[in-house]
Structure formats: C-alpha cells, structure tokens
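> need coordinates for the following:
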Amino acid sequence: MTGHIVSNTGPIIALALIDRLDILNSLFQIVTVSDMVHKELLAGGASGYGLVAYQKASWIKVQAMSTAIEPLLRTVLDLGEASVIQLAREINADCVLIDERKARKVARDIYGMKVIGTARLLVEAKREGILDSVQSALLKMCDGGYRIHDDIISYALKEAKER
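Model (predicted):
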C-alpha cells in the first residue's frame, strides 16, 4: 500500500492502543486526518486513549476542509466520519481508513472510494513484514476496549494465514 490515506478517529486510537501508529507511516506516503478528527483525538474522551501517541506522530497531517460537509454526509454519519469522506474527496486521497460499517458503506457505495479498516491494515502490515502477528495485535486492541466484529477478526486471521 502506498499513497495518501485519510483516517478516522477509531483506527488511530486502535493503533495507539497497541503502540503501532508507525504502521500507517510505513504503509502510506501521506497520512491525513481532518481537523474534526484531530479535535476528537485531542478531546480524548474519558479514556484519553491514543492521545500521547497521536501527539508524538508529527508525520500525521491535519487538514481542514475547504468546503462545507455535504448534507447527505451530515445526516447519515457523525461529523468525524463525514469529515473524513469529505476531506478525502476534496484532496483526492487514495483511500480512507474507517472501521464503522455505515461510514464504510457510504464511502464505498455512494462515493466510490477505496476503504480499508484497521484489521485490513494489520494484514497488510504483516504481509510487508512490519507486524509479526495480526492475532496478537487484534487481541490487544480488543483487550483495550476497541470493538471489532468477530467475523472481521476471523477474516483477517484467515487473510494473514494465522488460521
């Protein structure tokens, strides 16, 4: 994988949970988050997961959208997800990194975008020799409170030839 990716909040937090934000930097030439995702990450919620790792990742570019979020995106997705899709369209990014099913479907089916999720990213990292075990990474994410559907975990492990 190469090129330019725009990431949502969840995958950044998930990768920070396992201390592997570097995977994004290794697989993509440019990693961008929208200013809205940036604000979500800085707010950190009650847990503050990922904040320190995110703040240290100076290679992640924060970019504001140049136009307002499309009404369709605003009505069907949360602001972070909508801003990821809107920004990726504006800057002609190669793909978006989103884990939420509805947002993935909107990006892929309505806007024709290439969409990957955190589990897929881990499989690609293993294929590139950046990660030793997809299973241990996914387990650590889940243990940290990140939710990934069992079917996605099974598929990722099969793709990574760990099952």
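
> so residue 96, which state does it fall into?
Following DSSP: H, G, I helix; E, B strand; the rest coil, we place residue 96 in the strand state.

> contact partners for it?
5-8, 84-85, 88, 107, 113-116 (C-beta atoms under 8 Å, 6 or more residues apart in numbering). C-betas here are computed from N, CA, C, even on glycine.

> let's go with 10 Å and repeat that
5-8, 11, 32, 81, 84-85, 87-89, 103-104, 107-108, 111, 113-117 (C-beta atoms under 10 Å, 6 or more residues apart in numbering).

> just the ones in helices from those residues, please.
Of the contacts of residue 96, the ones assigned to helices by DSSP state H are 11, 81, 84-85, 87-89, 103-104.

> farthest-apart pair in the residues you listed, please.
Maximum pairwise distance among the ones in helices among the contacts of residue 96 (C-beta to C-beta): 18.6 Å, between 11 and 89.

> the two: which is more packed in?
More crowded of residue 11 and residue 89, by other C-beta atoms under 10 Å: residue 11, with 27 against 19.

> spit out the contact partners of residue 67.
Residues in contact with residue 67 (C-beta under 10 Å, 6+ apart) are 86-87, 89-90.

> will you turn the residues you listed into TSV that also has distance to residue 128 and pLDDT?
Formatted as TSV, those follow (distance: C-beta to C-beta, whole Å; pLDDT from 0 to 100):
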residue	distance to residue 128	pLDDT
86	29	97
87	26	97
89	27	95
90	29	96
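
> which among those residues end up buried?
Buried members of those, scored by 16 or more other C-beta atoms under 10 Å, are 86-87, 89.

> for these, give me TSV that also has distance to residue 125.
Listed next are the buried ones among the contacts of residue 67 as TSV, based on distance: C-beta to C-beta, whole Å:
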residue	distance to residue 125
86	27
87	24
89	26
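
> ok, these vs residue 42, which is closest?
The closest of these to residue 42 turns out to be residue 87 (C-beta to C-beta; 17.0 Å).

> now render the ones in helices among the contacts of residue 96 as JSON lines, adding distance to residue 126.
Below are the ones in helices among the contacts of residue 96 laid out as JSON lines (distance: C-beta to C-beta, whole Å):
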{"residue": "11", "distance to residue 126": "16"}
{"residue": "81", "distance to residue 126": "27"}
{"residue": "84", "distance to residue 126": "25"}
{"residue": "85", "distance to residue 126": "27"}
{"residue": "87", "distance to residue 126": "28"}
{"residue": "88", "distance to residue 126": "25"}
{"residue": "89", "distance to residue 126": "30"}
{"residue": "103", "distance to residue 126": "25"}
{"residue": "104", "distance to residue 126": "21"}
